[in-house]
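Provide a 3D model corresponding to the input given below.
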Amino acid sequence: MEQLATLKKQNTNMVFVGVVGYCPPTRFDEELAREMIADAYGKIVATYCGRPIDVVSGLTNVGVLKIAYEEAVKRHWTTTGIACAKAAEHPLFPVDHKFIIGEEWGDESSVFLGSIDLIVRIGNGKQSLRETEEVKKRGLPVFEYDLPILV
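The predicted structure follows:
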């Protein structure tokens, strides 16, 4: 992951914002998720006044990840995708930086967690909760939103 380390070294002033959340087949209120992402991003902008921001997520163009990336692009932020090879089974977001780590979901978690300065969690998926807890243990900022599942 030399390329990822180089990216961080070249952008020491940049804030790397990890985003985790629901993806299909989980159904959720997309409009509410958009509001939550906008709220979190607003708080991040207020906290990191004027610093450039890169949204780091799971590369796919579905679910909360798609919403997070779309909002990042609207704000003229850069985007990074870190995912396992299985991500290719889904539509991919055209991120600025792409990293494929391992074969199975979760193989990428340690690299993802090592690349972010804070995390935004939208929803309560198992991997999202686990990664958020790890960020808390590291003493990094966490923005958490409980998004109900639609039945």
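
got the CA positions of the host helix or strand of Gly18 in PDB?
Using DSSP states H and E, the element containing Gly18 is strand 15-21. Below are the C-alpha coordinates for strand 15-21, written out as PDB (Å, rounded to 0.1, in the frame of the first residue of the first chain):
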ATOM      1  CA  VAL A  15      -8.400  15.600   6.200                       C
ATOM      2  CA  PHE A  16      -9.200  12.000   5.200                       C
ATOM      3  CA  VAL A  17     -12.900  11.400   6.100                       C
ATOM      4  CA  GLY A  18     -13.900   7.700   6.300                       C
ATOM      5  CA  VAL A  19     -17.500   7.000   5.600                       C
ATOM      6  CA  VAL A  20     -19.300   3.700   6.300                       C
ATOM      7  CA  GLY A  21     -22.900   2.700   6.100                       C
END
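
Show me what the helix or strand following it is in contact with.
Per DSSP H and E, the first helix or strand lying C-terminal to strand 15-21 is helix 30-47. Outside helix 30-47, the residues that touch it by C-beta atoms under 8 Å, 6 or more residues apart in numbering are 15, 17, 19, 21-22, 53, 64, 67-68, 71-72, 75, 118, 120, 122-123, 141, 143, 145, 147. For glycine as for every other residue, the C-beta is placed from the backbone atoms N, C-alpha and C.

buried stuff in helix 30-47?
The neighbour-count check on helix 30-47 (16 or more other C-beta atoms under 10 Å) flags 33-34, 36-37, 40-41, 44 as buried.

In JSON lines, list those along with distance to Gln127 and pLDDT.
Output for those, formatted as JSON lines (distance: C-beta to C-beta, whole Å; pLDDT from 0 to 100):
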{"residue": "Ala33", "distance to Gln127": "17", "pLDDT": "97"}
{"residue": "Arg34", "distance to Gln127": "21", "pLDDT": "97"}
{"residue": "Met36", "distance to Gln127": "18", "pLDDT": "98"}
{"residue": "Ile37", "distance to Gln127": "18", "pLDDT": "98"}
{"residue": "Ala40", "distance to Gln127": "18", "pLDDT": "98"}
{"residue": "Tyr41", "distance to Gln127": "22", "pLDDT": "98"}
{"residue": "Ile44", "distance to Gln127": "22", "pLDDT": "98"}
